[in-house]
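>>> next one to model:
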Amino acid sequence: MNSPVIEIVGVKKIYDLGETEVRALNGVDLQIVENDYMAIMGPSGSGKSTMMNLLGCLDTPSEGQYLFAGEDVAEMTDDELADIRNRRIGFVFQSFNLLAKATTLRNVELPLVYAGLHPDTRRERAKEALVKVGLSDRMTHRPNELSGGQRQRVAIARALVNKPSILLADEPTGNLDSKTGEEIMALFDQLHQLGNTIILVTHEDDIAMHAKRCVRLRDGIVESDKKI
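The predicted structure is shown next:
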């Protein structure tokens, strides 16, 4: 078996709200290997969003250990964490998070601006990513000129543009009708076949069925972890 790309051991996340504390995660162990395709499910308040934030290095555990490619995230500098978020993990959000006044091409280029790439290289990489998601004919359009499904494809292209090995998708079909949602999931299936590791948070069973593995959370712990 491949060594884990991500390993979390005994992870707890506790939010101190003054008089009370909320245990969003309460001792989670999880391993994710290269080219895994995993759905994270669970009822509201089960810890799904907290788990996604921790996996994406957007937040840190209160207790326990998170190893990314064998390295302890707690010992990383802010620059090292930013590098993981920019180059090694691609994020896809339910709300797309696109710049309204920027073209499709410019939206996809944005992570490469932060990475300091030359403008010509940025444009070429952004074009490649848009071709990969089937939007070669929409490069000069702005978000308000695109359908919901096209906007999510732009968001996926932006997540892919730094050629990360891991894609984290938080309810990626939540704002889409069922037909468009299935088209987006077909795209994720293709990306998995091309070698990407995909971690998907969803509350919809039919979306989770695209994954090869389903982890269910309840009350901040792993209730089940099964192959699909």
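>>> what separation do you get for residue 82 and residue 189?
To residue 189, residue 82 is 30 Å away according to Cβ to Cβ, to the nearest Å. Bear in mind the C-beta positions are built from the backbone N, C-alpha and C, glycine included.
>>> again, but for residue 93
As for residue 93, its distance to residue 189 is 19 Å (criterion: Cβ to Cβ).
>>> looking at those two, which one has more neighbours?
Using other Cβ atoms under 10 Å, the more surrounded residue of residue 93 and residue 189 is residue 93, with 18 against 14.
>>> partner residues bridging the residue nearest to that one when sequence neighbours are not counted?
Distance criterion Cβ to Cβ, 6 or more residues apart in numbering; nearest residue to residue 93, sequence neighbours excluded, is residue 170 at 5.5 Å. Bridge pairing for residue 170 (DSSP bridges) gives the partners residue 93, residue 201.
>>> where does residue 170 land on pLDDT?
pLDDT, residue 170: 92.
>>> where along the chain do the strands fall?
Chain-ordered strands for the chain, with DSSP state E as the definition, fall at 4-17, 20-33, 37-41, 63-68, 71-72, 89-93, 166-170, 197-201, 213-218, 221-227.
>>> run the chain-centre distance for the third one.
Read it as strand 37-41. Here strand 37-41 shows a centroid-to-chain-centroid distance of 11 Å under the convention Cα atoms, centre = their mean, to the nearest Å.
>>> stretch 89-109 now?
Going by Cα atoms, centre = their mean, the spacing between the C-alpha centre of stretch 89-109 and its chain's C-alpha centre is 13 Å.
>>> ditto for stretch 116-136
Relative to its parent chain, stretch 116-136 has a centroid offset of 20 Å by Cα atoms, centre = their mean.
>>> can you pull up the most central residue in this protein?
In the chain, the C-alpha nearest the mean C-alpha coordinate belongs to residue 168, at 1.3 Å (Cα atoms, centre = their mean).
>>> touching, residue 91 and residue 172? I think so.
No: under the criterion of Cβ atoms under 8 Å, residue 91 lies out of contact with residue 172, with a separation of 10.2 Å.
>>> who has more neighbours out of those two?
residue 172 (27 against 19).
>>> contacting residues around that one?
When the contact criterion is Cβ atoms under 8 Å, 6 or more residues apart in numbering, the partners of residue 172 are 92, 93, 94, 152, 156, 184, 188, 200, 202.
>>> same thing with residue 155?
Under the criterion of Cβ under 8 Å, 6+ apart, the neighbours of residue 155 are 92, 93, 96, 97, 98.
>>> now swap in residue 219 and tell me
Going by Cβ under 8 Å, 6+ apart, residue 219 touches 26, 45, 46, 47.
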